[in-house]
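**Student:** need a structure here:
(4 chains)
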2 protein chains.
Amino acid sequence: MAGRVTIQDVAAAAGVSPSSVSNLLNNRVDKMVPATRQRIERAIAELGYRPNRAARQLRSGRTQTLGLVVPSVGNPFWGAFAREVEVAALKLGGNVLLCNSERDPGRERRYVEELWEDGIRGIILCTSLPSLDHVADVIEDGLRLVTFDRPAQANDPRSVVSISIDNQVGGHLATTHLIDLGHERIAFVSGSLRSVNRSARYRGYCDAIEAAGLSVSEMPVWTGSETGEFGDVEAAGFGRAAAASLFSGEQEPPTGVVAVNDMTALGFCRGLRDAGLTVGTDVSVIGFDDIILADLYDPPLSTVRQPIAEMAQLAVVEASASPGNAAEPGRSVLLRPQLIARRSTAAPVGAVTSSPA
Amino acid sequence: MAGRVTIQDVAAAAGVSPSSVSNLLNNRVDKMVPATRQRIERAIAELGYRPNRAARQLRSGRTQTLGLVVPSVGNPFWGAFAREVEVAALKLGGNVLLCNSERDPGRERRYVEELWEDGIRGIILCTSLPSLDHVADVIEDGLRLVTFDRPAQANDPRSVVSISIDNQVGGHLATTHLIDLGHERIAFVSGSLRSVNRSARYRGYCDAIEAAGLSVSEMPVWTGSETGEFGDVEAAGFGRAAAASLFSGEQEPPTGVVAVNDMTALGFCRGLRDAGLTVGTDVSVIGFDDIILADLYDPPLSTVRQPIAEMAQLAVVEASASPGNAAEPGRSVLLRPQLIARRSTAAPVGAVTSSPA
DNA sequence: TTGAAAGCGTTACCAT
DNA sequence: ATGGTAACGCTTTCAA
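**Tutor:** This is a model prediction of the structure:
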């Protein structure tokens, strides 16, 4: 019954006009006589009235809902981020509509368009595609797009705001950590490097390697097949396969490993165990993200932390901002990642006796 | 520009009436002359027209969007479930609006009401509250509510469909596994038991203990403070604290542990490590859920698996069903959990020499 | 096979 | 301080 109660019914029951009910609903109560207000409130309660969002949105053109497109909430990192986004949105009185892209550009595009059609005008898109062409037309229509985990690229539309850690610094941090511990044969393990953040992490890795007087070309870099794409949840299986390959005996194995994210690192650790090796003593492994399970792992996983709560907050503010009070668009916010050294990284077994370069 | 294109503009551009455009949009093309159709399609493409969902929904009263309320996507189990729900919804041509309740009844209610106001008529609610009173009025209004991870209760409204594993069987499965391995001092570790699934798991635990001729009253049961609620993500910290307490030396420690879920189990393992104990040899630990990290852990965690893909599919079908083709309401689907024995459980050290009861 | 016109429930303007 | 009323963009009869 209550499902079909309209603002008209409330007005009739309270003996006022629909406008007054609407005014109350929208907190325009400054000049309303308390008695009227109470009559309306009683009518609302008695009839069990609930406003119709579609009508409200159609008329006002506004929504309090933000769109959030992540690769996959099945991945603990994205799950944690999504949660932080919701927390931040709630603080601002908004909702969040969450979508999993599975890192598929087609799905990204479909979702962005669908959200736009739903009347949503602010979207946080967690993508790492080098180009935003696939959603360019919606951006032109006036979408406030915030990309996360993907620093701004040269060809990005002007209005896009990018929020990300400095992945190159992060890659450098992780690699330098291993170098400082005395490692000289350091692997880099990642899925396809076609994503901008992964390649930035890789660049940081290369910088650190070269800076230490080592040669990247001699390092075991494992980036999987060019063609095969790996979802975020599959990252673990990927890391496991990488470990199996790197320690198959066909080449000199690394003593330290930089994994492109924690899931891959955890999978890699599993692979090491399969091979009878011990993480932290036989081989040092460092990940990226600091998902909740990194600290729970045995041994606790060293990693590079992203300040997700802070980033989520920023992203929500930017995506919610009406054109007026938004910061200058085209902005790229690059936060600093933080090295979290735990027990999965240690000095290599033969560190002291290794011949100097 | 394109953002303000309406069906009228398209009709004008194509030289037809809005009705015809609408017919095309809704796939009512059976009796449309191909030429007309092409003109309209060209106009749509040229103008970059995109239908306005709010208007569409307001007029037709229909939405393809489902609501999904989980405790927290920060928890890998719920993240994985949410993903499966989305996959299932996509297959049926629908969307999913995801919300984190943090297991707060007030938030559950607020979300359910908000979703209803958004025009959403099917919701999958992952709650474990004994009563559904807090959302009863929305159900009366005609909401198709599917509860997940919470078997039907006596007072539930008739129309509610419940999808869950048989948690009592699951608890029994986990406990019996430890008993079969030779354990005689088996702890149960959980947050508050006020949730129906947790208490069902506990009941299964008790059944198994008693069936083995042991006494529940002599077992170390750790269910945390009555008052303190623990979120799903905090479950790990909780398990860790439980381990610290159970192995503090104040009482005889258990040789086996049934944790109420994998996050708690993983936290417990971390706590054991803090205490210098080894999981799988010194103490056996079994969890619940089989999150992706269970298999990645060192040692791989024994657990009781929930068939989440199958359950998600079921939930989506039920929540999407229009009253007509829905299965009989009030139904409670109880799926069978599956024991996954891995290396975190083994025979206790003193199994053979332990004195018989 | 296509078109005209009446709403869906709300807001916002302009009266009063 | 409150009411009347015209939109918002679309779907859906019903008529042509």
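
**Student:** make it CA atoms for all contacts and neighbour counts henceforth
**Tutor:** OK.

**Student:** which residue does the stretch 51-200 of chain A bring closest to DNA strand C?
**Tutor:** Per Cα to the nearest atom of the strand, residue A:51 is where the stretch 51-200 of chain A lies closest to DNA strand C, at 3.2 Å.

**Student:** got the contact list for the residue nearest to that residue when sequence neighbours are not counted?
**Tutor:** Nearest non-adjacent residue to residue A:51, counting by Cα to Cα, 6 or more residues apart in numbering or on different chains: residue B:117, 6.4 Å away. Contacts for residue B:117 (Cα atoms under 8 Å, 6 or more residues apart in numbering or on different chains) come out as A:50, A:51, A:52, A:53.

**Student:** Same question for residue A:56.
**Tutor:** By Cα under 8 Å, 6+ apart, the contact list for residue A:56 is empty.

**Student:** What segments of the stretch 151-300 of chain A are helices?
**Tutor:** A:167-180, A:196-211, A:235-246, A:262-274, A:292-296 (DSSP state H, counting those that start in this stretch).

**Student:** okay, those helices, which one's buried deepest?
**Tutor:** helix A:262-274 (a mean of 27; mean count of other Cα atoms under 10 Å in any protein chain shown).

**Student:** what's the average pLDDT for that helix?
**Tutor:** Averaged across helix A:262-274, pLDDT comes to 94.

**Student:** Same question for stretch A:94-109.
**Tutor:** For stretch A:94-109, the mean per-residue pLDDT is 89.

**Student:** picking that back up, turn the helices of the stretch 151-300 of chain A into JSON lines, including distance to DNA strand C.
**Tutor:** Output for the helices of the stretch 151-300 of chain A, formatted as JSON lines (distance: least, Cα to the nearest atom of the strand, whole Å):
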{"stretch": "helix A:167-180", "distance to DNA strand C": "43"}
{"stretch": "helix A:196-211", "distance to DNA strand C": "41"}
{"stretch": "helix A:235-246", "distance to DNA strand C": "46"}
{"stretch": "helix A:262-274", "distance to DNA strand C": "45"}
{"stretch": "helix A:292-296", "distance to DNA strand C": "41"}
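
**Student:** now those as TSV including distance to chain B?
**Tutor:** Below are those laid out as TSV (distance: least, Cα to the nearest Cα, whole Å):
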stretch	distance to chain B
helix A:167-180	22
helix A:196-211	22
helix A:235-246	8
helix A:262-274	6
helix A:292-296	6
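
**Student:** and those helices as TSV, adding distance to residue A:311?
**Tutor:** Output for those, formatted as TSV (distance: least, Cα to Cα, whole Å):
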stretch	distance to residue A:311
helix A:167-180	14
helix A:196-211	15
helix A:235-246	23
helix A:262-274	18
helix A:292-296	17
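
**Student:** Quick check: which of the ones you listed is nearest to residue A:305?
**Tutor:** Residue A:305 lies closest, by Cα to Cα, to one member of these: helix A:167-180, at 8.5 Å.

**Student:** Give me the helices and strands touching the closest one, please.
**Tutor:** Counting contacts by 3 or more Cα pairs under 8 Å, 6 or more residues apart in numbering or on different chains; DSSP states H and E, helix A:167-180 packs against helix A:196-211, strand A:256-259, strand A:303-305, strand A:338-340.

**Student:** So for it, mean pLDDT?
**Tutor:** Helix A:167-180 comes out at a mean pLDDT of 98.

**Student:** how far off helix A:196-211 does it point, in degrees?
**Tutor:** If you take axes from the mean of the first three to the mean of the last three Cα atoms, to 10 degrees, helix A:167-180 sits at 40 degrees to helix A:196-211.

**Student:** Around DNA strand C, which positions in the stretch 51-200 of chain A sit nearby?
**Tutor:** Contact residues (Cα under 7 Å from any atom of the strand) of the stretch 51-200 of chain A with DNA strand C: A:51, A:52, A:53, A:55, A:56, A:57, A:58, A:59, A:60.

**Student:** how far away is the third one from residue A:213?
**Tutor:** In this structure, residue A:53 lies at 62 Å from residue A:213, with Cα to Cα, to the nearest Å as the measure.

**Student:** go on, the fourth one?
**Tutor:** Residue A:55 is 66 Å from residue A:213, where distance means Cα to Cα.

**Student:** Looking at these two, which one has more neighbours?
**Tutor:** Taking neighbours as other Cα atoms under 10 Å in any protein chain shown, residue A:55 and residue A:213 compare with residue A:55 leading, 17 against 10.

**Student:** Contact partners for residue A:111?
**Tutor:** The contact partners of residue A:111, by Cα under 8 Å, 6+ apart, come to A:69, A:99, A:101.

**Student:** Out of those, give me the one that has the most neighbours.
**Tutor:** The most crowded member of the contacts of residue A:111, judged by other Cα under 10 Å, is residue A:69 (29 neighbours).

**Student:** ok, and the residue in the stretch 51-200 of chain A that DNA strand D sits nearest to, which helix or strand is that part of?
**Tutor:** Residue nearest to DNA strand D within the stretch 51-200 of chain A: residue A:59 (3.2 Å; Cα to the nearest atom of the strand). Here residue A:59, judged by DSSP states H and E, is contained in helix A:53-60.
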